[in-house]
Structures are given as C-alpha cells and as structure tokens.
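Trainee: give me a model of this one.
(one chain, ligands or ions: 2)
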Amino acid sequence: MNEDVKAIIVKYGKDVINSDDFRSTFGQTHHFSTTVGDHTLGVAAEAVKICLRHGLTDDETLKNVVTASLCHDLGIIGRDDKFRNNAQCLMRHPVDSGEKYKEVTGEENERILDSILSHMFPLKPRMPRYKEGWILTMADKIGASREKLGRPSATGKDRDEILKSAEKHRKDP
Ligand SMILES: [Fe+2]
Ligand SMILES: [Fe+2]
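Mentor: Numbering: from 1, shown residues only. Ligands and ions are numbered 1, 2, ... in the order given. Take a look at the predicted model:
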C-alpha cells in the first residue's frame, strides 16, 4: 500500500482504528482467506485511492470515506451467533454496522451512515444517496475481488504499520 494512502487512513481513522470494536475485527475470518479487519483496511485503501484519483481530497470527503470504510463491516462481527444464514447476514449486517459506527464514534453523520447502510448495493437493493456511498460500495467490491485473487489491498505489513501508527497518535498528548 502506498505511504500516502496509509497516512490518510491513519489521519482520518485513528480513533476508530484504536477502538476495541475495531481491534476485535482481526479475530474473525472473512471471504475465507482474510479477517474482517484486513478486509476493512483494504477497502479503506481502495476508497482513498478512488478519492485521490478523482481529486476528492477535501477534509470532509476523506473523513467521511475513511470512517465509513472502517465501520462498514463492524456489524458482521459475531455473524455465526447472530445471523441464521448468509442471506440474513447480507441484509442485516449493514444495519448493525451503522449502529456500531454510532457507538464507536459517538457521531451520527448522515452521509457516513447512509454509506454504511447502502454498501451492499446492488445485492441489497438500497442505493447510496451520496458520493461517499458510491465510493464505498465500489471499494468494497474491488477489495473483496482482490482478496479472492490472492492480491489483497492491505497486506499483513500494511496492517501492522497502520495499527502502530494509529497507536502512536493515541499516546501523543
Ligand atoms: Fe459488508
Ligand atoms: Fe466489506
């Protein structure tokens, strides 16, 4: 992962990354070959790359996109215990992720929430209302496809560097 992309993820996402809920995502496998946490960091990287490619580099857009990316699958944690099958997981985890987003950040940003709720479009027929949601739904699919090809958007090294860098910000006054 490019250093600029990593720095943007840490700058706008450090508080989410340092949360206990986010840290727990590295303990659950996802798409068979990765964890929810690694998938999530890969999606954040793809989303930031889309923003940079299209000149969408204002603070608000980057913050919304990074936060929505980092929180989009928090609701999938514990899936075997709370969802009966994959179809139920598909429909419900975006709603649970939205609740987790509010819990973890203490915020309720309409654009971020809408992006999380609609990230499974078109499989779940809830269309994004904002550009952040379109970026997230594209990035999620690119990230998942790359995992299936064995070329994940975030490697173990990327993960370690991002977690370490976010951790450093927590300790700074
Ligand atoms: Fe998802
Ligand atoms: Fe995802």
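Trainee: quick one: contacts of stretch 28-41?
Mentor: Outside of stretch 28-41, the residues within contact range by Cβ atoms under 8 Å, 6 or more residues apart in numbering are 9, 22-23, 25-27, 42, 69-70, 72-73, 76-79, 143-144, 147-148, 150, 152-154, 156, 158-159, 162. C-beta coordinates here come from the backbone N, C-alpha and C atoms, glycine included.
Trainee: could you pull up the mean pLDDT of the helix or strand in which residue 23 is found?
Mentor: Assigned by DSSP states H and E, residue 23 falls within helix 20-23. Helix 20-23 shows a mean pLDDT of 96.
Trainee: just the buried ones from the contacts of stretch 28-41?
Mentor: Buried subset of the contacts of stretch 28-41 (neighbour count, 16 or more other Cβ atoms under 10 Å): 9, 22, 25, 42, 69-70, 72-73, 76-77, 79, 143-144, 147, 152-154, 158-159, 162.
Trainee: please identify the pairing partners of the lowest-mean-pLDDT helix or strand in the chain and their relative orientation?
Mentor: Least confident helix or strand, the chain: strand 29-30 with a mean of 82, by mean pLDDT, DSSP states H and E. Using DSSP bridges, strand 29-30 pairs in its sheet with strand 34-35 (antiparallel).
Trainee: residues from the chain in reach of ligand 2?
Mentor: Within the chain, the positions near ligand 2 by Cβ under 5 Å from the ion are 73, 140.
Trainee: go again using 6 Å as the cut-off
Mentor: With the criterion set to Cβ under 6 Å from the ion, the chain comes near ligand 2 through 39, 43, 72, 73, 140.
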